[in-house]
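Peer 1: prediction below, plus the sequence it came from.
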Amino acid sequence: MKDEFYPHLDKSILFRDGYIADHSGHSRGSTVDLTLVPLPDVPTRAYVPGEHLVDCTAPVSARFPDDSIDLGSGFDCFDTLAHTFDPRIQGEQLANRLLLQVILQSQGFVNYPYEWWHFTYQPEPCPDTYFDFPVG
């Protein structure tokens with residue numbers, strides 16, 4: 001999935017540069033990744049294994065459709081363009097990022113500045129606990 005999610009980075013630096021955590025807040029139940037989707041929702045097509053992958057920094061019209069509004073990069077894009085306040089993000093894309101941030105901040109969530117979609121509830125209810133159990 002390199003061609004889509006981290007096309008400009010070597011996989012070996014994803015931990016070092018903070019794109020992937022050794023111990024994630026997701027495993028503590030305090031962190032969520034989310035975007036904004038216009039309503040009514042229009043279901044997207046399924047990914048077909050083997051289909052051409054498109055760089056997550058490409059314009060929204062060229063990327064795989066995910067039903068979200070345009071936030072300037074694809075979701076889970078490991079690139080500086082996905083940093084919440086990357087200076088290349090302007091206009092409607094920036095307004096969309098700010099809307100997402102304002103909504104989540106009003107509920108006690110803090111944005112991770114390297115990923116516009118990543119928010120952690122503060123104060124974390126279980127900051128030292130990593131949950132590991134099957135979901136079924």
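Peer 2: Sure thing, it's come through.
Peer 1: run the chain-centre distance for stretch 128-136.
Peer 2: 21 Å (C-alpha atoms, centre = their mean, to the nearest Å).
Peer 1: average pLDDT for it, rounded please.
Peer 2: Throughout stretch 128-136, pLDDT has a mean value of 82.
Peer 1: ditto for stretch 36-52
Peer 2: The pLDDT scores in stretch 36-52 average 90.
Peer 1: now stretch 8-25
Peer 2: Mean predicted lDDT for stretch 8-25 stands at 82.
Peer 1: name the helices or strands packed onto the longest helix along the chain?
Peer 2: In the chain, assigned by DSSP state H, the helix with the most residues is helix 91-105. On a contact count with 3 or more C-beta pairs under 8 Å, 6 or more residues apart in numbering; DSSP states H and E, helix 91-105 meets strand 109-111. Quick note: C-beta positions are derived from backbone N, CA and C, even for glycine.
Peer 1: chain center to whichever helix or strand comes after the strand it packs on, what's the gap?
Peer 2: Counting by DSSP states H and E, the element after strand 109-111 in chain order, helix or strand, is strand 118-121. In terms of C-alpha atoms, centre = their mean, the gap separating the centre of strand 118-121 from the centre of its chain is 11 Å.
Peer 1: how about stretch 125-136?
Peer 2: With C-alpha atoms, centre = their mean as the basis, stretch 125-136 stands 21 Å off its chain's centre.
Peer 1: kindly report the same for stretch 68-84.
Peer 2: Relative to its parent chain, stretch 68-84 has a centroid offset of 6 Å by C-alpha atoms, centre = their mean.
Peer 1: just the buried positions in that stretch, please.
Peer 2: 68-69, 71-79, 81-84 (16 or more other C-beta atoms under 10 Å).
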